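1. My questions concern the predicted model and sequence given below.
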Amino acid sequence: MRADLIGRQSALPAERGHPTLAPEVSRSIRGSRSTAATTDSTSSGAIVAEAPARLKQGGMLLLETAGGSQVGAVGALLEAAGFTRVTARRDLAGVERFVAGGLD
């Protein structure tokens, strides 16, 4: 079975807080989700590599990052894997955080 859309929510940064998260978000989620021991670009590699086999033609892959330099790194992973229409989107706080690409 193939999907039209695959999405992945990022694990929280391993450090105590993250500069792109609002303080109230950091306080409310501490301990409630798993933390990332590796960078989002590293953990995204396996998902990006497997996604073409799981997506329908024209399907989209959407990945959440921790923001910052990870946005560009994840975008480069998508492009290297043959995804097109690679774009970054901002979250509600205005932080560039989400990266999407299409499988044409």
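-> That came in fine, so what should we check first?

2. Sheet partners, orientation included, of the longest strand seen in the chain?
-> Ranked by number of residues, the top strand in the chain under DSSP state E is strand 55-64. Applying DSSP bridges to the sheet, strand 55-64 is found paired with strand 3-8 (parallel), strand 96-102 (antiparallel).

3. What is the subsequent helix or strand relative to it?
-> helix 69-80 (DSSP states H and E).

4. Strand 96-102 and that following helix, what's the angle between them?
-> 0 degrees (axes from the mean of the first three to the mean of the last three Cα atoms, to 10 degrees).

5. Could you point out which residue ranges in the protein have low pLDDT?
-> 11-22, 24-42 (pLDDT under 70).

6. how about 50 then?
-> Across the chain, the stretches falling below the confidence threshold (pLDDT under 50) are 15-16, 32-39.

7. circling back: list of residues touching the longest strand of the chain?
-> 2-10, 40, 44, 47-48, 51, 74, 78, 83, 97-104 (Cβ atoms under 8 Å, 6 or more residues apart in numbering). C-betas here are computed from N, CA, C, even on glycine.
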